[in-house]
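Enquirer: predicted coordinates and the sequence they were generated for:
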Amino acid sequence: MTIDTVSPRKPPITDLLRERILVLDGAMGSMIQRYGLGEADYRGERFRQHPTDLKNNNETLSIVRPDVILDIHRQYLEAGADIIETNTFNGTAISQADFGLQAHTYELNLAAARLARQAADEFTRRDPSRPRYAAGALGPTTRTASLSPDVNNPGFRAVTFDDLERAYFEETSALIEGGVDVLLAETSFDTLNMKAALFAIQRFFHAGGRRVPVLASVTITDQSGRTLSGQTVEAFWASIHRAPLISMGINCALGPDEMRPYIEAMSAISQTWISCYPNAGLPNAFGGYDMTPRKFADTVGEFAHNGWVNILGGCCGTTPEHIAAVREVIKGAKPHQRNAPIQRSYFSGLELLTFGGPPRAIQPRQRERSPRRRVTRCAPLRPPSRSSASAPTSPDRPGSQS
């Protein structure tokens, strides 16, 4: 079979985000499970002699079973997805080290990007009025730079910022060479990991690499409304809002019902476009997901019709059926309008602290009790403990879903 390697012309994705809500694909891992693959499938001839078990290392399938990954991409595109993600959620050398495949990281990412590019181009050629886009997925890795994995040694870190940055730089390089349209740093449970990814991407651009739009997505790990490293949605936004992002959003960990207040908060504060791709509800006792496509679509559809989102899709447990239902329910919904920047200083520890901006009105009773309140509030400029600068020093998305 001959594959056309010249991508069809299409408008920048930013043009479409101004006009309508775009649909993102759903989970990769839950789709792979439908194929009933065994150890031999994950090894193929390429890794037949590899000394470590490779089952459930979904990234290898981009090389040894490209037919499976390409078929999944096509199913999501048939369902109406405008954007498909590469099969690279655990594509960094840090994550692949768990399987002893860190030396093959570039090859895995390059193959995955080319498959997503091929599928997106096929559907764009089929209907040029509906261009499709390939997003290079950069997952959070299996390590955290802010927390210790050893409760008896809280100062220990299993990975450094430089380790993460180098791993993300390599992954970015391969994804761009493979032809992705955008880069999506996603499922961030640790803001320092996210900063490493964004720093690596910008270093790649400054080194002369092909520039593409960059999106970021955070994970609120439970109903406390915080990331694993303790930040609120607003604090996470402040930590990375100086990065040149076209979109910021929330994905994974929560179902659409639980995610509702946090995506509303993100849409209220962020000055970018907004993405949202929840799980198909919360996992049941067996680790599966029970939310039906109709229930899922009805709930996230409210986000669309409330004007909170620009990109809407699914994470763990979602399927092409969920994505098709989402596409139907958002018809007629207007995309989120970006918030205008406010001249204000933002400081982000575990929570958001701001100074400046338009003065807030003080009620007469408050003024009588504390006549110097507005002065004393702004006097201490020390950020709270465990704070991070407002500007960066610069599982279960595709390949890892249950």
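Expert: Structure's in. What do you need?
Enquirer: show the average pLDDT along the helix or strand harbouring Ser267.
Expert: In this assignment (DSSP states H and E), Ser267 forms part of helix 256-269. With pLDDT averaged residue by residue, helix 256-269 scores 97.
Enquirer: buried residues of that helix, list them for me.
Expert: Of all the residues in helix 256-269, those buried under the rule 16 or more other C-beta atoms under 10 Å are 256, 258-260, 262-263, 265-267, 269. Every C-beta, even on glycine, is put in place using the N, C-alpha and C of the backbone.
Enquirer: how close does Lys195 get to Ala185?
Expert: Remark: distance between Lys195 and Ala185 (C-beta to C-beta, to the nearest Å) = 10 Å.
Enquirer: re earlier: how far does the helix holding Ser267 sit from its chain's centre?
Expert: 15 Å (C-alpha atoms, centre = their mean, to the nearest Å).
Enquirer: and the buried residues of helix 256-269, which is closest to His73?
Expert: The shortest approach to His73 among the buried residues of helix 256-269 belongs to Pro256, at 23.7 Å (C-beta to C-beta).
Enquirer: quantify the burial of the nearest residue to that closest one once chain neighbours are set aside by counting its neighbouring residues.
Expert: The shortest distance from Pro256 to any residue that is not its chain neighbour, by C-beta to C-beta, 6 or more residues apart in numbering, is 3.9 Å, and that residue is Thr299. Thr299 has 18 neighbours, counted by other C-beta atoms under 10 Å.
Enquirer: the helix or strand hosting Thr299 vs helix 256-269, what angle?
Expert: Remark: Thr299 resides in helix 293-305, with elements defined by DSSP H and E. For the pair helix 293-305 and helix 256-269, the angle between their directions (axes from the mean of the first three to the mean of the last three C-alpha atoms, to 10 degrees) equals 10 degrees.
Enquirer: would a markdown table of the buried residues of helix 256-269 with distance to Arg210 be doable?
Expert: As requested, the buried residues of helix 256-269 are exported to a markdown table (distance: C-beta to C-beta, whole Å):
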| residue | distance to Arg210 |
| --- | --- |
| Pro256 | 35 |
| Glu258 | 38 |
| Met259 | 33 |
| Arg260 | 37 |
| Tyr262 | 33 |
| Ile263 | 31 |
| Ala265 | 34 |
| Met266 | 29 |
| Ser267 | 30 |
| Ile269 | 31 |
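Enquirer: and of these, the nearest to Ile176?
Expert: Out of these, the one with the shortest distance to Ile176 is Met266. That distance is 27.1 Å, counting by C-beta to C-beta.
Enquirer: how about the closest one, what does it touch?
Expert: Applying C-beta atoms under 8 Å, 6 or more residues apart in numbering, we find Met266 in contact with 233, 237, 248-250, 274, 308.
Enquirer: of all pairs in those residues, which one spans the longest distance?
Expert: Of all pairs drawn from the contacts of Met266, the one with the largest separation by C-beta to C-beta is Trp237 and Trp308; the distance is 14.2 Å.
Enquirer: gap between Ile250 and Leu350?
Expert: 17 Å.
Enquirer: which one's more surrounded, these two?
Expert: The neighbour count for Ile250 versus Leu350, taken as other C-beta under 10 Å, is higher for Ile250 (28 against 16).
Enquirer: okay, now the closest residue to Ala265 other than its chain neighbours: neighbour count?
Expert: Sequence neighbours aside, Val233 is the residue nearest to Ala265 in space, at 4.8 Å (criterion: C-beta to C-beta, 6+ apart). By other C-beta under 10 Å, the residues close to Val233 number 24.
Enquirer: from memory Val233 sits against Leu254, does it?
Expert: No: contact criterion C-beta atoms under 8 Å: Val233 and Leu254 do not qualify, at 11.7 Å.
Enquirer: got any residues that touch both of the two?
Expert: Looking at what touches both Val233 and Leu254 (by C-beta under 8 Å, 6+ apart), the common residues are 220, 262.
Enquirer: so how far is Val68 from Gln115?
Expert: If you look again at residue 115, you'll see it is Leu, not Gln. Here the distance between Leu115 and Val68 works out to 10 Å (C-beta to C-beta).
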